[in-house]
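**Student:** can you look at this prediction? I've put the sequence above it.
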Amino acid sequence: MKYGRTLFYLTAFLLLVLSCPTVGAAETVTDVTSYFSPATGTLLSISGDDYLVSLDARSGVMAGDLLTIVAPGEKLVDPASGTVLGNLDRVKGVLKVTAIRSGFSQARPIGPIENALIGDTVRRYQNLTVVFKDQNGDGADLYQQLVAALPALEWQGYYPVDTPTDALNLPAQLTFLLTERSLEVYDSNGQILRSFASTGKLRRGPSTPSAQTSAVNWERPRQDSHESATYSADYPGFRTLGQFPSLVLMADFLTTEQQTLVVSSSGGNLEIAAVTEQLQPLVSESLVQQDKIHAVTWWQPETAAGLYLAVTATSFKNFTFSTATETVFSSAIYRFNDGKLTTVARNLPYLLGAFDRNGDGAKETLLGQRFDLDGVFGSIKELKLNGTGVSENGLGFDVPLRFPVQGSTFADLTGDGELENIYTRNGILFIVSNGKLRYESSKQMGGSLSRLTYDVNPGQADALFTSVAFEVPPFAADIDGDGQLELIAVSTDRSGSSTSGLEWEGSESWLSVIKYRNGRFVKGSLGEKLEKPIQGLTVTQGQALLVLTSKGGILNNQGQSHLLSLPLAP
């Protein structure tokens, strides 16, 4: 009998019963059973798409886990014995955990939520419809063992490799896919949640490369986040190319036929240097027009020769007869020529971001985004040079509703000729293609020191402050030489960082690599972990270049910043 989204949930039967399995299969089933162990909690609060639930790490919950919101249903009673066999519970919707806190977790909906109420029961990996797809054709026994081991899941059937394609288009909240080397688990959006090795030998966390070989490997260990592929690039370690003259809160690189340039800012100045075997300073200029510089980017407009800099900055507007101030954006554009900066436009009310959309390596497209007090990232326009400065134009392409021009890029990662929209927001990296979310990371992306704290109620009696980070944009490059772009992005262990993002005691940063392979995105790591935040990133001339800023002295700009190089495989 089928109950659709209703589950015949047997609370008492959680023991695994196996009949003469192979050792490898037994280990796999044991690992899967352990990972999908049930947990039950309560819905604590609802604010838009932000749900708080009373489950945390002590309950076995991890970022990326799926939770069901359920309403109690009719009890099923054995008429002969009077024993309660279970309940027919109604599923109101499914949540995905985005962050783990002490005593509770944050989650967001996957699909529609039906009349969720505070106090509703939430369950980890229970009341979910599941299909089992077998690419090998020999997983029938494993399927039966998993059905017996995980009765809290609603199994919809076993589908071997020779199942007709139209029969595989089944709606399911979980999909188990048995491949030659692993058992992979996907959510309803096609995002991989976990991958279990066929031997059951699972490891946690990104791998640390050795310096013995330049081979590139894709492995599938278990991780604390829902990504399950680790990019293990065995390249030599980082080496230091030089120290910046002042602390760097944001940097951007530009490679031409002649040289590689890096522009950096400590918040009140611009420094430009050439990158060779060491840093060669070219320009140092203090900008008095802006109170605080948050981001810098090179811009190479197609309609003009030369190089330009787009500087995102803020200033403060005083209210008449009041001590209150309002944050406004006063960004600027400069032309860099003959070692000098000349002003093209100033006091622009935008956040600025430049992008390469034609694939030639030059960032020809400049986007300006209005400042929204409620959400920071508002409407977007394309900015173009004109005779007196820049003009505002409509976008000739679509971007996601929540797309920020900071911490974002465009790239054809899938190789289908279409650009994906890639951006980091609130610690999560998103990849969107043709209006559809194709990938969503766990909450460990970004982690920039460049931040803006502002009053969302300027001029009101009760000040309400919030903070937003200006993230380092990801970079797309073919780093393994297979002719396909990979995405390199900054990742951060946020467990030790403060809410202001200005202290990094106990935190680490590293480079994550996201690759499109076999019809899906998988995530891994590149190089070792670092104990300092990364404030600039590029890949050029067979190496990854990154800017590292020291932990202390952020508020008084007394810290140090260094340029590091990570050689990549030839």
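**Tutor:** Noted; the coordinates are in hand.
**Student:** pLDDT of the lengthiest strand in the chain, averaged?
**Tutor:** In the chain, with assignment by DSSP state E, the single longest strand is strand 84-100. Mean pLDDT, strand 84-100: 81.
**Student:** pLDDT below threshold where in the stretch 401-550 of the chain?
**Tutor:** 457-464, 494-506 (pLDDT under 70).
**Student:** let's see that with 80 instead.
**Tutor:** Counting by pLDDT under 80, the stretch 401-550 of the chain shows low-confidence ranges at 453-467, 494-507, 550.
**Student:** quick one: the strands in it?
**Tutor:** 408-411, 420-425, 428-433, 436-440, 451-455, 465-469, 475-477, 486-492, 509-517, 520-530, 534-540, 543-549 (DSSP state E, counting those that start in this stretch).
**Student:** what's the distance between E528 and L511?
**Tutor:** With distances taken as C-beta to C-beta, to the nearest Å, E528 is found 10 Å from L511. Placement of C-beta: from N, CA and C, glycine included.
**Student:** before we move on, what about L117?
**Tutor:** In terms of C-beta to C-beta, L117 sits 43 Å off from L511.
**Student:** and the two? Which one has more around it.
**Tutor:** More crowded of L117 and L511, by other C-beta atoms under 10 Å: L511, with 28 against 10.
**Student:** quick check: bridge partners of the more buried one?
**Tutor:** For L511, the beta-bridge assignment (DSSP bridges) gives partners V490, L526.
**Student:** can you pull the contacts of it?
**Tutor:** 488-491, 525-527, 534, 537, 544, 546, 566 (C-beta atoms under 8 Å, 6 or more residues apart in numbering).
**Student:** quick one: which of those is nearest Y143?
**Tutor:** S525 (32.6 Å; C-beta to C-beta).
**Student:** surely the closest one touches S509?
**Tutor:** No. Here S525 does not reach S509: they are 11.1 Å apart, not a contact under C-beta atoms under 8 Å.
**Student:** find residues that contact each of those two.
**Tutor:** Common neighbours of S525 and S509, using C-beta under 8 Å, 6+ apart, are S491.
**Student:** pick out whichever of those two has more residues nearby.
**Tutor:** S509 (24 against 21).
**Student:** quick one: residues contacting that one.
**Tutor:** 447, 490-493, 529-534 are the contacts of S509 under C-beta under 8 Å, 6+ apart.
**Student:** all helices of the stretch 51-200 of the chain, in order?
**Tutor:** For the stretch 51-200 of the chain, the helices defined by DSSP state H, counting those that start in this stretch cover 140-149.
**Student:** from S441, how far out is G111?
**Tutor:** 19 Å.
**Student:** who's more crowded, these two?
**Tutor:** Neighbours per residue (other C-beta under 10 Å) separate G111 from S441, with S441 holding more: 25 against 11.
**Student:** so that one makes contact with L429?
**Tutor:** Yes. Counting by C-beta under 8 Å, L429 is a contact partner of S441 at 4.2 Å.
**Student:** tell me the residues that contact both of those two, please.
**Tutor:** 512, 514.
**Student:** picking up where we left off before, could you flag which of the contacts of S509 are buried?
**Tutor:** For the contacts of S509, a burial check counting by 16 or more other C-beta atoms under 10 Å picks out 447, 490-493, 530, 532-534.
**Student:** what would these look like in JSON lines with distance to G361?
**Tutor:** Output for those, formatted as JSON lines (distance: C-beta to C-beta, whole Å):
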{"residue": "G447", "distance to G361": "26"}
{"residue": "V490", "distance to G361": "21"}
{"residue": "S491", "distance to G361": "24"}
{"residue": "T492", "distance to G361": "27"}
{"residue": "D493", "distance to G361": "32"}
{"residue": "L530", "distance to G361": "27"}
{"residue": "K532", "distance to G361": "28"}
{"residue": "P533", "distance to G361": "26"}
{"residue": "I534", "distance to G361": "21"}
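**Student:** for those, name the two members farthest from one another.
**Tutor:** That would be S491 and K532, which, of the buried ones among the contacts of S509, are the farthest apart (C-beta to C-beta) at 13.3 Å.
**Student:** where's the residue minimising distance to the centre of the chain relative to T409, distance?
**Tutor:** Centroid-nearest residue in the chain, with C-alpha atoms, centre = their mean: L429, separated by 2.2 Å. Distance, L429 to T409, by C-beta to C-beta: 11 Å.
**Student:** which residues do the two both contact?
**Tutor:** Applying C-beta under 8 Å, 6+ apart, one finds that L429 and T409 are jointly contacted by 422-423, 474.
**Student:** for L511, give its distance to F403.
**Tutor:** To F403, L511 is 23 Å away according to C-beta to C-beta.
**Student:** repeat that for R101.
**Tutor:** Distance, R101 to F403, using C-beta to C-beta: 27 Å.
**Student:** which of those two has more neighbours?
**Tutor:** Neighbours were counted for R101 and for F403 using other C-beta under 10 Å; F403 has more, 19 against 10.
**Student:** please name the nearest non-neighbouring residue to that one.
**Tutor:** Leaving aside its chain neighbours, F403 sits nearest to Y423 (5.5 Å; criterion: C-beta to C-beta, 6 or more residues apart in numbering).
**Student:** residues contacting the one you found?
**Tutor:** Contact analysis of Y423 by C-beta under 8 Å, 6+ apart lists 400, 403-404, 407-409, 429-430.
**Student:** most neighbours out of those, which is it?
**Tutor:** Using other C-beta under 10 Å as the neighbour criterion, L429 leads the contacts of Y423 with 27 neighbours.
**Student:** mind listing what that one touches?
**Tutor:** Neighbour list for L429: 422-423, 439-441, 445-446, 474, 489, 512, 514 [criterion: C-beta under 8 Å, 6+ apart].
**Student:** how about 7 Å then?
**Tutor:** 441, 445, 489 (C-beta atoms under 7 Å, 6 or more residues apart in numbering).
**Student:** who touches stretch 131-139?
**Tutor:** For stretch 131-139, contacts defined as C-beta under 7 Å, 6+ apart pick out 143, 156-162, 168, 170, 172, 175-180.
**Student:** ok, the contacts of L429 vs L413, which is closest?
**Tutor:** Among the contacts of L429, and counting by C-beta to C-beta, the member closest to L413 is A489, at 11.7 Å.
**Student:** give me the neighbour count for the nearest residue to the closest one once chain neighbours are set aside.
**Tutor:** Leaving aside its chain neighbours, A489 sits nearest to P474 (3.9 Å; criterion: C-beta to C-beta, 6+ apart). Using other C-beta under 10 Å, P474 has 24 neighbouring residues.
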